[in-house]
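In: Structure of the sequence below:
(3 chains)
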Amino acid sequence: MIEQALANPWIRQLANAALLLAVINLGVLVLIYMERKVAGFIQSRLGPVHVGPRGWLQSVADALKLILKEDIIPAPADRFLFVLAPFFVFVPVLAVFLVLPFNAGWVAHDFSLAALYVIAAGTVAIMGIVMAGWGTNNKYSLLGGLRSAAQLVSYEIPVVLAILAVVFYAQSMSLVDIAEAQRGFGWFIFHPPLLVAAFVYMIGQLAETNRTPFDLPEAESELVSGFHTEYSGIRFAMFFLAEFANTFFAAALAVVLFFGGWDGLPGLTGALWLVAKSYVLVFVLMWIRWTLPRVRVDQLLGFAWKVLVPIGLIVVLWAAASVVYAGGAKP
Amino acid sequence: MNPVRSLLGGLWKIFGGMGLTLRNFFRRKATIRYPYERRPVSPRYRGMFYLKWNEEKQRLNCVGCTLCAQACPTNVISMNKVGKGTTAGVDEFTMDLGRCMFCNLCVEACPFDAIYMGDQYEFAVTHKEGSVLRIADLAQGGPENYRRNLETLRRLQEEAEKSKAAGDKPTERRAAEEGA
Amino acid sequence: MNGDLRDLHQEILDLGTQGMVMNMGPQHPSTHGVLRLILTLDGEEVMACEPVIGYLHRGLEKMAERRPYRHFLPFTDRLDYVCSLANNLACAQAIERLAGIEVPDRAQWIRVALMELNRIASHLLFLGTFGTDLGATTMLLYAFREREEALALLEAITGARLTYNWIRVGGLPDDMPENWDKGVLAFCDLLESRVGEYDRLLTDNPIFRRRTEGVGVIPAEDAIAYGLTGPTLRASGVEYDVRRWAPYEKYAEIDFDVVVLRDGDTFARYLARRLELEQSVRILRQVFDRMPEGPIASKVGKVLKAPPGIAFSQVESPRGELSFTMVSDGSPNPQRVHIRAPSFANLTVLADLVVGNKVADVVAILGSIDIVLGEVDR
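Out: Numbering: from 1, shown residues only, chains lettered A, B, ... in the order given. As a prediction, this is how the structure comes out:
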């Protein structure tokens, strides 16, 4: 019966999506706990300790609290945009997970333009943030929305360039093919041009995921909470969820692009390797977040256009040259 | 090559900072699990007030001289004095902690070692009235000692009246010695 | 400041576009209390800034007139609550000068130690909050980790952690507890080993440098004209420190450097405070060697009355020159008290300083001036 149902492509995709949603939500709960513990440990604190042993249930308690909270829509807000914005931020994040290969064959939907799709779908979230910034009718939010529009559009480009360099090496835009091309510790990170590309990608993703030093859209000390200042309860939870899911996706994509995907020592299943590597990268992102101060908006854009984009262009040329002349890519 | 060098130099400095935070990640933590663990407070800590209980004489040291009330900049203290001279004491002593600055002036003003500040520091209350402390809350050892203080004072007064009626001077002298 | 930019903004205004008025505060994470800034923004750029103060006004100067001299001392804790001992000292000195009361040597030395310990605690708070203003939240916790040790020492001697009220007219209420001096010296060593961490985390950080260097420059002449004092003034290259120019207590006998920097920008104001930490440690190390035995308070009558007259006292608080002017008419209460609060004078420069800068710089500049609203509003 179930097998029959799963034979239907629609039902199959729905089941995949539901499974992904559950995995993402659980993963985010772990990530939130991890973020608070990492922040605490770096800052010479203990982090959450009260709820559950060693504070394990803190994220669950937080999630419950957010769900049970009263849903407040500010009177002067543009109701339509205000209500719609969290979905615009949350849904693209779910959508990009569809093409992420967890293991050989463990991918909800693989197609030949996956790398392009990831970039395109991720960009939709910017609209949600701008909508939230405008729709709440709060000046801090508006500034946050404006900042995020400028920031995300700028940092999209270095990320695209970095991914492009990888695509040259893998000769495919399918994430599955990219991961397959790195089998047996042929990780792309070991190729000099792609090492630089990985740097560019990670810095770009720091900005894309709104994390310090590039957390200007929500810059707490300046804009209170930026674009989600007026959001509370379940709507805020969606922003929060999206942010952490995004962080995890950025790390997982980096693993697929540069760190061999599910490639690892035999003994463990590939998906575990992928997740483990992603968590290491997430830890690095958190580590950066709790170490560095925030940049200013003009410095942020200057850095993107004057430093990252030129480096990205050089990397693309370099990667292309090494693929063509040095035979850096697999046949 | 200057921009490249400055970029790499900046990266190096950033790695330095990240090395520092990583070291702190593994260091012993500065915080404690507060409600379960507590930091010892200094012996001079200025926490919750108490009126000192004199076990030997079975009474509070306070004689109701109001020096503390006069020393208080914010009129926190009010009291009711009973008896006089050597049998003096208080049957009511109220402190409105809502006004208190915990400035220690009352403790310094007291010549009888009667009022002190202890090491209790958690006195949040849910009602404004809760921050008004009566003598029963303030007496060292709790309400039990407040009752015993009243009994002692009553006994002392009765004795004083009796001896006054009898014109018995020595008793009064003995009481004076005790009071000192 | 930034005249060209202002003209440009005027041109834009003439075109008919409007600036966006944004209320920053009184409830805002980075206004350090209840300061309200009415900012007129052109995008991210500040076109005008109008600070609004008074949300914490309690009329402390008036309250002083209604109380005997000694009763006002605990109230001074609530002026600049980050370094309440400096306020205690300034007030007590004014009363002592008014009533002609001498302070024993030992009390004066302990007062110096208390001042510097409190200065360290205050500057550590500044380092932490300034880091947070710029997004480096970890700095706050590191600074508080050391500040906690300083507060524990202050708690050991005064019994309180914030509103100490431990300086009395004529001396101190009690002597140092046993081994307190050893604790302070151990803390000095600890702090010296930890300031390197602040440098690695913040001072050397290229992002931090870019956020602060060249931002909000106050030229020396402007700094004097605005009446700035303290590290904010010394960062602009003016060597003025009450401890050096009008020494009080035992500061004349102590060897220390006045930290003077040239640039006058936000980074210089940060660095001035960071470097003062080391000078305070230097002072603390000298205090205990030279402290004589003896009484810690001189006899003062139960009812404190001062002959008619006027007295003035200056103290270098962590924020600048704090002075009390006290007038007596011979009664047990002062007739008039005036408090010159350094934060209030320092805050005046903000409105002109931020024009033409970004919103993010407003936070950085305000943080670098290091105000305490309790003192601004009094």
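In: For the stretch 251-378 of chain C, which residues are neighbours of chain B?
Out: By Cβ under 8 Å from any Cβ of the partner chain, no residue of the stretch 251-378 of chain C approaches chain B. For glycine as for every other residue, the C-beta is placed from the backbone atoms N, C-alpha and C.
In: where along the stretch 251-378 of chain C do the strands fall?
Out: Under the criterion DSSP state E, counting those that start in this stretch, the stretch 251-378 of chain C contains strands at C:309-317, C:320-328, C:334-340.
In: Can you report phi and psi for residue 125?
Out: This is for chain A. A:Ala125 has phi and psi values of phi -60, psi -30 when expressed as degrees, to the nearest 10.
In: can you tell me which residues contact the residue nearest to B:Gln120 when sequence neighbours are not counted?
Out: Nearest residue to B:Gln120 in three dimensions, chain neighbours excluded: B:Met48, at 3.7 Å (Cβ to Cβ, 6 or more residues apart in numbering or on different chains). Taking Cβ atoms under 8 Å, 6 or more residues apart in numbering or on different chains, we find B:Met48 in contact with B:Met117, B:Gly118, B:Gln120, B:Tyr121, B:Phe123.
In: of the residues you listed, buried ones?
Out: Using 16 or more other Cβ atoms under 10 Å in any protein chain shown as the burial test, those include B:Met117 as buried.
In: From the contacts of B:Met48, pick the one nearest C:Leu202.
Out: B:Tyr121 (32.5 Å; Cβ to Cβ).
In: thought the closest one was touching B:Val41?
Out: Yes - taking contacts as Cβ atoms under 8 Å, B:Tyr121 lies within contact range of B:Val41: 6.9 Å.
In: Common neighbours of those two, please.
Out: Counting by Cβ under 8 Å, 6+ apart, the contacts common to B:Tyr121 and B:Val41 are B:Gly47.
In: Next, the contact list for C:Glu192, please.
Out: Shown in contact with C:Glu192 (Cβ under 8 Å, 6+ apart): C:Glu278, C:Val281.
In: where's it, which helix or strand?
Out: Assigned by DSSP states H and E, C:Glu192 belongs to helix C:180-198.
In: just for the chain, where's the confidence low?
Out: Picking chain A for this. A:1, A:105, A:108-109, A:267, A:326-331 (pLDDT under 70).
In: try again with chain C
Out: Applying pLDDT under 70 to chain C flags residues C:1-6, C:8-9, C:12-13, C:16-17.
In: what's the single longest helix in it?
Out: In chain C, taking DSSP state H as the definition, the longest helix is helix C:105-133.
In: Taking strand C:309-317 as reference, get the angle to that one.
Out: Using axes from the mean of the first three to the mean of the last three Cα atoms, to 10 degrees, the direction of helix C:105-133 lies 50 degrees away from that of strand C:309-317.
In: neighbours around the nearest residue to B:Lys52 once chain neighbours are set aside, how many?
Out: Leaving out its chain neighbours, the residue that sits closest to B:Lys52 by Cβ to Cβ, 6+ apart is B:Asn61, at 4.7 Å. Neighbour count of B:Asn61, defined by other Cβ atoms under 10 Å in any protein chain shown: 19.
In: What separation do you get for the residue of the stretch 1-150 of chain A found nearest chain C and C:Ala143?
Out: Nearest residue of the stretch 1-150 of chain A to chain C: A:Gln43, at 3.8 Å (Cβ to the nearest Cβ). Using Cβ to Cβ, to the nearest Å, A:Gln43 is found at 11 Å from C:Ala143.
In: all strands for the stretch 51-200 of chain A, in order.
Out: Counting by DSSP E, counting those that start in this stretch, the stretch 51-200 of chain A has no strands to list.
In: Can you show me the helices along it?
Out: A:58-68, A:79-97, A:114-135, A:139-170, A:175-180, A:192-208 (DSSP state H, counting those that start in this stretch).
In: right, and these - which one's nearest chain B?
Out: Nearest of the helices of the stretch 51-200 of chain A to chain B, taken as Cβ to the nearest Cβ: helix A:192-208 at 9.1 Å.
In: OK, contacts around A:Gly47?
Out: Applying Cβ under 8 Å, 6+ apart to A:Gly47 gives the contacts A:Arg36, A:Lys37, A:Val38, A:Ala39, A:Gly40, A:Phe41, A:Gly55.
In: Next, count neighbours for the last one.
Out: A:Gly55 has 18 neighbouring residues, counting by other Cβ under 10 Å.
In: Tell me the spatial nearest neighbour of it, not counting adjacent residues.
Out: Spatially, and ignoring its direct neighbours in sequence, A:Gly55 is nearest to A:Pro48 (3.2 Å; Cβ to Cβ, 6+ apart).
In: Over to the third one?
Out: With Cβ to Cβ, 6+ apart as the measure, A:Met286 is the residue that lies nearest to A:Val38, at 4.6 Å, once sequence neighbours are left out.
In: can you redo the contacts of B:Met48 as TSV with secondary structure and pLDDT?
Out: Shown next, in TSV, are the contacts of B:Met48 (DSSP: H, G, I helix; E, B strand; the rest coil; pLDDT from 0 to 100):
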residue	secondary structure	pLDDT
B:Met117	strand	88
B:Gly118	coil	85
B:Gln120	coil	83
B:Tyr121	coil	85
B:Phe123	coil	82
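In: Pick out whichever of the contacts of B:Met48 sits closest to chain A.
Out: B:Tyr121 (20.1 Å).
In: and the closest one, how far is that from B:Gln70?
Out: 27 Å.
In: and if you look at A:Leu6?
Out: Using Cβ to Cβ, A:Leu6 is found at 87 Å from B:Gln70.
In: Tell me how many other residues crowd the spatially closest residue to C:Val362 that is not a sequence neighbour.
Out: Spatial nearest neighbour of C:Val362, excluding adjacent residues (Cβ to Cβ, 6+ apart): C:Val354 at 4.8 Å. Each residue near C:Val354 was counted by other Cβ under 10 Å, and the total is 27.
In: What residues does chain B have near chain C?
Out: By the rule Cβ under 8 Å from any Cβ, the part of chain B lying against chain C is B:9-10, B:13-14, B:16-17, B:19-21, B:24, B:30, B:41-46, B:71, B:73, B:101-105, B:108, B:117.
In: what does chain B have sitting close to chain A?
Out: Residues of chain B lying close to chain A (Cβ under 8 Å from any Cβ) are B:7, B:14, B:17-18, B:20-22, B:24-27, B:29-33.
In: give me that answer again for 7 Å
Out: When proximity is defined as Cβ under 7 Å from any Cβ of the partner chain, chain B approaches chain A at B:7, B:14, B:17-18, B:21-22, B:24-25, B:27, B:29-31, B:33.
In: between these, which is nearest C:Gln314?
Out: Using Cβ to Cβ, B:Ala30 comes nearest to C:Gln314 of the residues of chain B next to chain A, at 36.4 Å.
In: Grab the nearest non-local neighbour of the residue of chain C found nearest chain A.
Out: Residue of chain C nearest chain A, by Cβ to the nearest Cβ: C:Gly135 (2.8 Å). Nearest residue to C:Gly135, sequence neighbours excluded (Cβ to Cβ, 6+ apart): A:Arg294, at 2.8 Å.
In: The longest helix along chain A: which residues count as buried?
Out: Assignment by DSSP H gives helix A:9-42 as the longest helix of chain A. Neighbour-count burial for helix A:9-42, with 16+ other Cβ under 10 Å as criterion, is recorded at A:16-17, A:20, A:24, A:27-29, A:31-42.
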